[in-house]
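> structure for this input, please:
(chains A, B and C)
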Amino acid sequence: MKDIFKIAWRNLWRNRRRTAITAASIFFAIFFAICMRSFQLGSYDHMIKQIIEAYTGYLQFQHKDYLDDPSIDNAFEASPELLQKISSDPNVKVAVPRIESFALASTGNLSKGVMVSGIAPEQELKMSNPAQKLVHYRLSNEAIAQILQDKTISSTTLEKLKTLDDQSYTTRSNLMADLGLTAEDHVLLDRICQKTAIKGRYLKIDDRCVLISDRLAKYLKAGVGDSIVLMGQGYQGASAANIYPICGIVKLPSPELDNKLVYMTIDQAAELFSLSGQVTSIAMNLNNTDEMRATQDRLSRLNPEKLSVKNWEELNPALKQQIQGDSQSGQVFLAVLYIIIFFGIFGTVQMMISERWREFGMMVAIGMKRGKLAAIVTIEMLFLGFIGATSGMLAAAPCIILGHYHPYTFTGDMARMYIDMGFSPVMPTALFDSYFFFQGVVIFLMVILASYLPVRSILKLNVTQAIHGN
Amino acid sequence: MIWSIAWKNVWRNRKRSLIVITSVMLGMTAGIFTTGLIIGWVDQRVKVVIHTEDAHIKIHNPAYLNNEEIGNMIYQADAICNYLDKKPEIKAYSKRIKLMTMAATSRGNTALILQGIDVAKEKQVSELYKQIIPNGGNYFENTGSYPIVISEKTAEQLRIKSYQLSESSLDSLRIADVPETVISKLKPFLDIRYNTKNLFRKAVEKSLGKKEISRYGPDIIKASEHFRLRSKIVFTFTDKSGELVNQSFRVCGIFHTSNSMYDQLNAFVLQNELAQLTGLGPGEFHEIGILLKEDAATKSVQQDIKKHFPDVSVLNWLELAPDAGLITNYMDFYNYIIMGFILFALAFGIINTMLMAVLERTKELGMLMAIGMNRIRVFSMIMLETIFLTLVGAIIGMLLGWLVVEITKHTGLDFSAVGEGFEAMGWPAIVYPRITFDYFVGTTLLVIGTGILASIVPARKALKLNPVDAIRTDN
Amino acid sequence: MNIIEIKDLVKIYSNTAVQVTAVDHVDLTIEKGEFTAIVGPSGSGKTTLLNMIGGLDQPTSGQIFIENVDITKMNPRKLIDFRLNNIGFVFQSYNLIPVLTAYENVAFIMEMQGASKSLVESRTREILTQVGLGDRMNSRPNQLSGGQQQRVAVARAMASEPKFIIADEPTANLDSKATAKLLEMMEILNHKENVTFIFSTHDQRVMNKAHRIIVLEDGKIVSDELTPEAFKED
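Below is the predicted model of the structure:
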């Protein structure tokens, strides 16, 4: 038995060029397939992280009618025991109660429909972390006008400043990056920061004040210290209206949210909407997102009657379909690629066998069984597939690792489009997972399939015809 | 003569050549079809952008783009309109008042942009009026005060859309070939209203078998969609002087475009009514949407308007819908990359095949070089053979691909299974593939290029042959 | 007139440790109109010699003049062109392009030389008729017998109007009837058109027809004589 392998291996190296070219085609197919899937899956993960983890959460506890009818009337009681049970689930990283509802916000002359999000400040830090999104520097027109009067600033920086009017920054380093400055220009940066700083801060548990999103603040022409009136409908028809001071501005990556979000403490929200002990949702992020459904089942059994647990796919079906559509189109493209490679392998086996037909004839004539010969050829092809596949995987691995920890960042138009849609302009890859080995299995099966017919003809080899040619 | 030899050489080993030709054919068919699909998609999106959402050009007060405040009207609106009237490239234009509002019904609320339009003019610029859904009312044909046209999505959010089976729904189901057995099971649900799709579905599913649900479910749901036309929506907004205004409008019509984001945000009312409510004067607008006679004239007309009116913001559709603009600009590039990839994958098989062809002809090639065929001719012969081999499959493949595109162009391809995802990004769920002649030319060039590159390996092998060794007879 | 003049030709092969002298200081002249056979056992160097005369191989030292042009000093690319226009070849086998007809095989070489279409046509017909294949012009090689194939090869070699034709074992694969026919045809061409033929052979039938026989042994010419055939009148 072992000699079959030895013979097959040596045979491969007899026609080095052909072996190399065929193995190269398999290498190319696997390398490309793995890289493409990795980028696809990586970008989905990234999207999910940015949209879901950053606000919605992977799972949400809701009143069972809330998904169909997200009105405040479908609030439910969130007892401390329930919260305790949820938090103690091994896969729940953080669980936060929320009261969310619509209201009209107005400041003086301007008004807009907003989403009020009542949060538990301490806990929310571990969930959507609004504190990290606090705006600390704002290049308002007045601030820029003041800076322009400073004669010591270079003209390039001034030009840059003018293009960035009305931009908000959460960190000093972001501001520095956009201005095209480096750490060496810290004196200049200090001066700019001084003129553009705003006094925002995060919510404290007994605060009456609110945080509003950046674009909303610009629209309502409101800043830290101003007041905002919120009006809407409360629980069971009660009217909701009150005025709140603004203690901070948050810049949210998703423009949709950034246009209309108002954060307040959950107690303030309960007061505004006439709720007592009720919330509209409990949002959760998980430790291991692969076990989302199992966790969902487990949590559903905690309080099956009035409540249900929804996962992000149910909460955001559009996103799910987007991902599905894109993933499927990628798989179709790969299928086409594989079909092409299939023909390549089929052709190679055919050529190989017809070229050596005389040699085969002689081997059978001197006593080798046809079956054994067929086995040798099959194993040669499998070796070929193995070489191509493993080299492809080995070459793809460092690319995946690099793409994951130092992802490719877009620039220019593409970058702006991503940012406008609410994503950071990177294209990360997914790390090793089933898809990686799936490609190897596919190639393996393909090689077997492609070799089948040609190898079968060996079993019907006619010795005299083979030796003397047609 | 070399051409003739090369062509005939392709057919020397028919079986082997056919394998390569088949694979090239499949690859090219897939490539052409994909290209057609992408072009069709972009077509649809651009059409919607221009003819429903953004028109070719939009004019605003620059301050309005930063801050959609009611006070940021277009200055010189009359002067601009006079200019536009005289411009021959312009088919029509429409002036609009736009307002940020909050809309509420007894069962739901949402934020909406109210657009106050001149119905006649608006119909010339936007095809939205064609997208009123069946049983969804009409586009401002009624008389009556404060009518409003909203989207299906808005209707859902405001709970104006409900699910209810009526006799006419059952009739429409009969027309759709739903069997009588299924319809009779639906009779107990007649005229019961369900507020949401899920409630309706849960109730009805209990009476139907699994197969019936999967086959007829979507039709039943569609037939039960019910819109409470003439329901009242209360709008809250600030007028020109900063006062809060409440006004109720009655639903007159319901539309559906392929862009959920657009649908979610926009609603349409009569301009004169909105002007009166907000205290805006007769020449005061926020936006002018311009439709041109030719797409190609967009940039030049934009420049012209800018030159005459440097203080207003003049944006074209590529800038207004950057996703459509980006895709339109990069589409050719993207398509050729896909084609190039497919050809690259095919190249391996082609090289292998040609290599074998050369190796089995060493004696013949030696002879040719001996009698005086120079290197260039030998190279050309092999290169031409490679190109011909590739072209045969490619041409058949392109023809097949074209055929598939032609067929699907009329029937359209339905992606509604993942439709919601596409529409959420603003892309239509039904695509009509299309392909232009220049792609065939470009692809043929790429194929020839691939043939030339693939021929390098076998040609080099041939040129390295020494005629003496090649013609040596082993006596 | 001397078409070929060979001066002190030497060819040494060095493989690994062994040196083989295939052609050992050969001097030779061949005149126009000759019908000469170079004979000798295997390993005598006749193939090597013929290859060098045909410009397919380079000597280790010595000179070969073809109508006073020293081909040993020619660069390889020019040599190919030179062969095309000045030397005709008939090999033992694999002479023809299998995908072309007899007509096309002959026309091919003239097209490579850049001849005009009308010239190609008339000359091809003429030559193929001369070799007795006027009625088989549109047959492919696999439809012709071995002898017929070799005659097409001769026609092709002639078509380019070479200074001489080198035939390396042209009859080795033919039966006696075909051999006779081929030789007869080549003799007629030699006599009528004054085409110079140089054979390398160990076929007695060929030697019987040759006008001059040069015998090689271990790379040296050991005998070089005219035969009775040379003195025959037509």
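
> what about residue A:345, neighbour count?
By the measure other Cβ atoms under 10 Å in any protein chain shown, the count of residues near residue A:345 is 28. In this view, the C-beta of every residue, glycine as well, is placed from N, C-alpha and C.

> that one: what's it in contact with?
Listed by Cβ atoms under 8 Å, 6 or more residues apart in numbering or on different chains, the contact set of residue A:345 reads A:22, A:25, A:26, A:381, A:385, A:446, A:447, A:450, A:451.

> give me the element the residue nearest to the fifth one when sequence neighbours are not counted is part of.
Using Cβ to Cβ, 6 or more residues apart in numbering or on different chains and skipping residues adjacent in sequence, the residue nearest residue A:385 is residue A:447, 3.7 Å away. Counting by DSSP states H and E, the element that carries residue A:447 is helix A:434-459.

> list the buried residues in that helix.
Buried residues in helix A:434-459, counted by 16 or more other Cβ atoms under 10 Å in any protein chain shown: A:436, A:439, A:440, A:442, A:443, A:446, A:447, A:450, A:451, A:454, A:455, A:458.

> need the pLDDT of the residue in the stretch 101-250 of chain A that chain C sits nearest to.
Across the stretch 101-250 of chain A, no residue is closer to chain C than residue A:180, which sits at 58.5 Å (Cβ to the nearest Cβ). Note on residue A:180: pLDDT of 72.

> could you verify my assumption that it touches residue A:159?
No - using Cβ atoms under 8 Å, residue A:180 is not in contact with residue A:159, being 9.9 Å away.

> identify, from the contacts of residue A:345, the entry nearest to residue C:182.
Distances from residue C:182 to the contacts of residue A:345, taken as Cβ to Cβ, are shortest for residue A:22 (45.3 Å).

> got the contact list for the closest one?
A:344, A:345, A:348, A:384, A:388, B:348, B:352.

> try it again at 10 Å.
If a contact means Cβ atoms under 10 Å, 6 or more residues apart in numbering or on different chains, then residue A:22 has A:12, A:15, A:341, A:344-345, A:347-349, A:351-352, A:381, A:384-385, A:387-388, A:447, B:348-349, B:351-352 as its contacts.

> can I get the buried part of those residues as one ChimeraX selection?
Listed next is the ChimeraX selection for buried residues among the contacts of residue A:22, using 16+ other Cβ under 10 Å:
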select /A:12,15,341,344,345,347,348,349,351,352,381,384,385,387,388,447 /B:348,349,351,352
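
> of the contacts of residue A:22, which belong to helices?
If you go by DSSP state H, the contacts of residue A:22 have A:12, A:341, A:344-345, A:347-349, A:351-352, A:381, A:384-385, A:387-388, A:447, B:348-349, B:351-352 in helices.

> lowest-confidence helix or strand of chain B?
Here the helix or strand of chain B ranked lowest by mean pLDDT, DSSP states H and E is helix B:419-425, holding a mean of 67.

> hey, where'd the strands end up in the stretch 51-200 of chain A?
Per DSSP state E, counting those that start in this stretch, the stretch 51-200 of chain A carries strands over the ranges A:59-63, A:76-77, A:92-107, A:110-119, A:137-138, A:168-169.

> can you put the ones you listed in TSV and add distance to residue A:429, mean pLDDT and mean neighbour count?
Rendered in TSV, the data for the strands of the stretch 51-200 of chain A read as follows (distance: least, Cβ to Cβ, whole Å; pLDDT from 0 to 100; neighbours: other Cβ atoms under 10 Å in any protein chain shown):
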stretch	distance to residue A:429	mean pLDDT	mean neighbour count
strand A:59-63	26	90	25
strand A:76-77	41	87	18
strand A:92-107	24	89	22
strand A:110-119	33	87	23
strand A:137-138	33	82	22
strand A:168-169	29	80	23
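
> out of those, which is closest to chain B?
Nearest to chain B among the strands of the stretch 51-200 of chain A is strand A:110-119 (3.0 Å), distances taken as Cβ to the nearest Cβ.

> quick one on the thing from earlier: list just the nearest of the contacts of residue A:345 to chain B.
Nearest to chain B among the contacts of residue A:345, with distances taken as Cβ to the nearest Cβ, is residue A:25, at 3.3 Å.

> how about residue A:249, nearest residue that isn't a chain neighbour?
Leaving aside its chain neighbours, residue A:249 sits nearest to residue A:135 (4.5 Å; criterion: Cβ to Cβ, 6+ apart).

> quick revisit: tell me how far the helix holding residue A:447 is from the chain's mean position?
With Cα atoms, centre = their mean, to the nearest Å as the basis, helix A:434-459 stands 33 Å off its chain's centre.

> one more: stretch B:403-410?
For stretch B:403-410, the separation from the chain centroid amounts to 16 Å (computed by Cα atoms, centre = their mean).

> in that stretch, what counts as buried?
Residues B:404, B:405, B:408, B:409 are the ones in stretch B:403-410 that count as buried (16+ other Cβ under 10 Å).

> and which of those is nearest to chain A?
Of all the buried residues of stretch B:403-410, chain A sits closest to residue B:404, with 13.4 Å by Cβ to the nearest Cβ.

> buried stuff in the strand or helix carrying the closest one?
In this assignment (DSSP H and E), residue B:404 forms part of helix B:375-411. By neighbour count with 16+ other Cβ under 10 Å, helix B:375-411 contains the buried residues B:377-398, B:400-402, B:404-405, B:408-409.

> please list which of these are also close to chain C.
By Cβ under 10 Å from any Cβ of the partner chain, the members of the buried residues of helix B:375-411 lying near chain C are B:377, B:378.

> thinking again about what came up before, contact partners of whichever helix or strand comes after the helix holding residue A:447?
Downstream of helix A:434-459, the first helix or strand assigned by DSSP H and E is helix A:463-468. Contact with helix A:463-468 is made by A:356-366, A:370, A:458, as judged by Cβ under 10 Å, 6+ apart.

> no further questions, thank you.
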